[in-house]
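S.K.: The sequence isn't on hand, but the structure is:
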């Protein structure tokens, strides 16, 4: 009966960015909207026009609480959109901001969130160039939902795409994982717990430009930010999409002690938790040293490391090798582990 | 106390696209996000880039009911975004679609709405190239909210802007007003009433291209679609923004008999009701005949007429001359006359 209910109605688990989200999209959305650009399922849609290669991205933000240690829904909305453009190799040219507000939202809170949008946009060097506001009645939303879209331009000589990935490529991560999702869960579920944990939410475009420069790819063939579904979801998708085996080294993946502690308290696997200031770069091995050096010159990449590689085996499996020598298959999370985290 | 509550909290009336929406934006949003592009307050933000002049637009759709005579939230979302690009003189190059779904939404209904998105996008000759889905719990949304964004390219020799408007220009409207807002209100408030009234929701880009061609402006100096706030809101804004007097002729503005009847039943002024398939073009008088002829060649412009003009007086007032010879000042609606109409 649970299966049949999921086939008839949208359930919370459809929103987790896991296998059930894929099922909802494959069952209900893509058969109707699919086309050669949407079907790519990249973080931005990219179209060739007479004016060049344009990238467009959109994301809805429904995080609860609206403010949390290290950020708020405004910083999240701007960073997420800037990052979705940046990981596609696009330079952000403008943001659009749509607010759906619940009647009764405090204007002081709205003002604080708008300040945060502005500060984060300034940090990313991009502007909100258009927007929209709607108000719905009490009980028809939950304070504030923000949807942001962004446009960018992709240099002609740059093409980040999973089909560029080859055996021998290495995976590089810019720092410790799981801080965002666990911060939000802790703030919501255990507000009485004191922790130094803070969300990693940040715009990554200057970090990425530091690696790529203004054109070309510096050996980076594909990038993605491990948001919903976490690093596990990203790596499992990469293996499935390329058809190669992807191997992660568990002891190479940085997790802060306070993050690990929070994950244990909440019963969550840090590998499956959303990040909002992390990027995984798939890099040709010969250029990995230069990419690492460039990342480490930036404050958001000081802890950058090689965390895995792409292997020859054509089984499309993601394997993680554990510290004590074990191996296990890493799967994309199934449903909603962490509702309303972003 | 009502005033003080509005200053402290967001109220439904802030969402109506009237003076109170302006107040919320001026008081809380623009002081924090304002910049030279956002401050233009056009239907799309337009940025100059090395790749040309790019237009970006976004709109949140919260209409209730989700399906209504003549359309649904999907047709509305695609048409609204295509139209916001088209009235800025931009050719749409791609759409982005973000869904916020309430737990329990029927998948059959979602599928029907996706079909409608696809059909409307096909009609407009544009594709959904990227998207996002979020699910929130019961009572945290109302079925489905859709936010759509769009990118477009503006020809180098085309610049639609209120600062181009001059005395002597005429206002041309493509057909009868108020059908969308009244259809939705009737479906929601008086579902037992039988009426032939249908929403006018439609993508207007082919109509507009028929007038403008591929480049240049054909004498059209500014366009806007009279959505929230209706024709009254558009005309009052135009007068205020240009600083000239704008005069409308009431007997030139087409209103269908069934629309007038519904407005009377609901106690609403058709001039203040939202349209979703109408455009007002401000046109140099010498080219008005050619523009009218081009509009009338298209099914969505068969009933196009000159409905008013821009006069010399520098008082920024919008005046409507009534059928019986009277004159009254037309003001932008104050607050929320019609909640959740789009």
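M.R.: That came through fine. Predicted, not measured: the structure shown is a model, and the values here were computed from it. Numbers count the residues shown, from 1 in each chain, chains lettered A, B, ... in the order given.

S.K.: Okay, helices next: where are they in chain A?
M.R.: Using DSSP state H, the helices of chain A run over residues A:2-8, A:19-24, A:30-33, A:73-86, A:107-124, A:179-189, A:205-212, A:230-242, A:257-266, A:288-296.

S.K.: Of those helices, flag the one that's most buried.
M.R.: Comparing the helices of chain A by mean neighbour count (mean count of other Cβ atoms under 10 Å in any protein chain shown), helix A:73-86 ranks first with a mean of 28. All C-beta atoms are positioned from the backbone trio N, CA, C, and that covers glycine.

S.K.: what about that one, average pLDDT?
M.R.: Helix A:73-86 shows an average pLDDT of 98 in the prediction.

S.K.: so residue A:197 makes contact with residue A:184?
M.R.: No. Between residue A:197 and residue A:184 there is no contact under Cβ atoms under 8 Å: 10.0 Å.

S.K.: returning to what we had before: reformat the helices of chain A as a markdown table; add distance to residue B:276.
M.R.: Converted to a markdown table, the helices of chain A look like this (distance: least, Cβ to Cβ, whole Å):
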| stretch | distance to residue B:276 |
| --- | --- |
| helix A:2-8 | 31 |
| helix A:19-24 | 28 |
| helix A:30-33 | 21 |
| helix A:73-86 | 27 |
| helix A:107-124 | 27 |
| helix A:179-189 | 37 |
| helix A:205-212 | 36 |
| helix A:230-242 | 38 |
| helix A:257-266 | 45 |
| helix A:288-296 | 48 |
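
S.K.: ranking those helices by mean pLDDT, which is last?
M.R.: helix A:2-8 (a mean of 77).

S.K.: elements contacting that helix?
M.R.: helix B:107-124 (3 or more Cβ pairs under 8 Å, 6 or more residues apart in numbering or on different chains; DSSP states H and E).

S.K.: Quick one: list the elements packing against the helix it packs on.
M.R.: Helices and strands touching helix B:107-124, by 3+ Cβ pairs under 8 Å, 6+ apart, are helix A:2-8, helix A:30-33, strand B:67-68, strand B:71-72, helix B:73-86, strand B:91-102, strand B:128-136, strand B:144-154.

S.K.: Look up the closest residue to the residue of the stretch 201-342 of chain A found nearest chain B, ignoring the ones flanking it.
M.R.: Residue nearest to chain B within the stretch 201-342 of chain A: residue A:340 (6.5 Å; Cβ to the nearest Cβ). In space, and not counting its chain neighbours, residue A:340 is closest to residue A:64: 4.5 Å by Cβ to Cβ, 6 or more residues apart in numbering or on different chains.

S.K.: That neighbour against residue A:142, yeah?
M.R.: Yes. Residue A:64 is within contact range of residue A:142, at 6.2 Å (criterion: Cβ under 8 Å).

S.K.: Name the nearest residue to residue A:105, sequence neighbours excluded.
M.R.: Distances taken as Cβ to Cβ, 6+ apart place residue B:10 nearest to residue A:105, at 4.2 Å, with adjacent residues excluded.

S.K.: before we move on, the earlier item: what confidence value was assigned to the residue of the stretch 201-342 of chain A closest to chain B?
M.R.: For residue A:340, pLDDT reads 92.

S.K.: residue contacts, the nearest residue to residue A:172 once chain neighbours are set aside?
M.R.: Take residue A:172 and drop its neighbours on the chain: the residue closest to it by Cβ to Cβ, 6+ apart is residue A:281, 4.7 Å away. Residue A:281 makes contacts with A:171-172, A:211, A:220, A:222-223, A:291, as judged by Cβ atoms under 8 Å, 6 or more residues apart in numbering or on different chains.

S.K.: which one of these sits closest to residue B:189?
M.R.: residue A:223 (50.2 Å; Cβ to Cβ).

S.K.: Number of residues surrounding the residue lying closest to that closest one once chain neighbours are set aside?
M.R.: Leaving aside its sequence neighbours, residue A:223 sits nearest to residue A:87 (Cβ to Cβ, 6+ apart; 4.1 Å). When neighbours are defined as other Cβ atoms under 10 Å in any protein chain shown, residue A:87 has 24 of them.

S.K.: again with residue A:137
M.R.: With other Cβ under 10 Å as criterion, residue A:137 counts 16.

S.K.: need the contact list for the residue lying closest to residue A:258 once chain neighbours are set aside.
M.R.: Spatial nearest neighbour of residue A:258, chain neighbours left out: residue A:197 (4.8 Å); criterion: Cβ to Cβ, 6+ apart. Shown in contact with residue A:197 (Cβ under 8 Å, 6+ apart): A:69, A:179, A:182-183, A:186, A:256, A:258-259, A:262.

S.K.: Ok, residue A:282 next?
M.R.: A:165, A:169-171, A:220-223, A:238, A:310.

S.K.: Which residues does it form beta bridges with?
M.R.: Under DSSP bridges, the beta-bridge partners of residue A:282 are residue A:171, residue A:222.

S.K.: where does it land on pLDDT?
M.R.: Looking at residue A:282, its pLDDT is 98.

S.K.: again, but for residue A:51
M.R.: pLDDT for residue A:51: 72.

S.K.: For the stretch 101-250 of chain A, which residues are neighbours of chain B?
M.R.: When proximity is defined as Cβ under 8 Å from any Cβ of the partner chain, the stretch 101-250 of chain A approaches chain B at A:101-108, A:110-111, A:114-115, A:117-118, A:121, A:127-137, A:139-142, A:145, A:147, A:149-151, A:153.

S.K.: wait, isn't residue A:236 in contact with residue A:332?
M.R.: Yes. Look at residue A:236 against residue A:332 with Cβ under 8 Å: they come within range, at 4.2 Å.

S.K.: Skipping adjacent residues, who's closest to residue A:161 in space?
M.R.: The shortest distance from residue A:161 to any non-neighbouring residue, by Cβ to Cβ, 6+ apart, is to residue A:222 (6.2 Å).

S.K.: For that neighbour, which residues are in contact?
M.R.: A:160-162, A:164-165, A:238, A:281-282.

S.K.: and which of those residues is nearest residue B:207?
M.R.: Distance to residue B:207, by Cβ to Cβ, is smallest for residue A:161 among these, at 37.2 Å.

S.K.: Neighbours of the residue nearest to residue A:105, how many?
M.R.: For residue B:10, using other Cβ under 10 Å, the count is 24.

S.K.: What about the residue nearest to residue A:240 when sequence neighbours are not counted, how many residues nearby?
M.R.: Nearest-residue entry for residue A:240: residue A:316, 5.0 Å, with adjacent residues in sequence omitted and distances by Cβ to Cβ, 6+ apart. Burial of residue A:316 is recorded as 15 neighbouring residues (other Cβ under 10 Å).
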